[in-house]
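S.K.: quick one: sequence and predicted model below, then my questions.
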Amino acid sequence: MNIPKIVGSIFSITSSALFVGAGITYTQSRKFIDHSTGAKGVVVDLSLSRSSSSSTPGSVYYPIVRFKTAKGEEVEFRGDVGSNPPSYRKGEEVQVRYDPKDPYHASIDSFFALWFFPLLLSGMGVIFGILGGIFLLIPVFSNRKEKWIQENGQLIATEFQSVEQNKSETIGGQHPYQIISQWLDSRTNKVYVFRSRNISFNPEKFIQRKEIQVRIDPDNPKKYSMDISFLPEDAN
């Protein structure tokens, strides 16, 4: 199971869904503006809404607006966008847009009130898209880094230690295997532990040596590539 690829795919799908939502809300807002009528209104109250989530406690204030339609009908509605501190004060006059066929379908006539949801969803779509791209590119950069080390790295002889299963990943329904080796850097008297890339089969019986070759970045031995070309290829 390639975790970066899965996470990247989830973020990318979420980003696409958010952009679809942004497109829908944009179309709805555009249609409302094109078919609505303007009027003068007044903020008659502020509606306090408290968050029920323990993880995001807080309160926001929504303006309650009253206006008269062209036919003299008095309409009262709650604004769609709340804030804390409140963006409006009681008694403040505001411009309103409403649907003549359904006056209760109304909104404060401001850029923020009319375009809040398209902007919010678009912004979230961009964020999830960037995160998805980063996770999807992780394997690409990892492969480039490994290729550079294979071509330019310092070849060292490490001591075979064991074969372990990588419990954090799954390939073909089972955990892959990794070869573990270690090396003592005599210059610094530090011991480095190396792990091979994931192997789909148990390679233990094919390891007939105590010495495993590893190429390291001379400036940073923690960047390395273990040579497991001596293993047979997986027919599957």
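M.R.: Received, thanks.
S.K.: pLDDT below threshold where in this structure?
M.R.: 1-2, 51-57 (pLDDT under 70).
S.K.: can you pull out the helices in it?
M.R.: 3-35, 111-152 (DSSP state H).
S.K.: I'd like those helices as a markdown table, with mean neighbour count appended.
M.R.: C-beta here means a position set from N, CA and C on the backbone, and glycine is covered the same way. A markdown table is the format used below for those (neighbours: other C-beta atoms under 10 Å):
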| stretch | mean neighbour count |
| --- | --- |
| helix 3-35 | 15 |
| helix 111-152 | 15 |
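S.K.: how does this structure divide into domains?
M.R.: Under automatic domain parsing, the residue ranges defining each domain of the chain are 3-121, 153-226.
S.K.: export the helices of the chain to TSV and tack on distance to Thr170?
M.R.: Shown next, in TSV, are the helices of the chain (distance: least, C-beta to C-beta, whole Å):
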stretch	distance to Thr170
helix 3-35	10
helix 111-152	16
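S.K.: could you dump the domains of the chain to TSV with distance to Glu146?
M.R.: Conversion of the domains of the chain to TSV gives the following (distance: least, C-beta to C-beta, whole Å):
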stretch	distance to Glu146
domain 3-121	15
domain 153-226	5
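S.K.: right, and Pro176 touches Val163 too?
M.R.: No. Here Pro176 lies out of contact with Val163, judged by C-beta atoms under 8 Å, at a distance of 10.8 Å.
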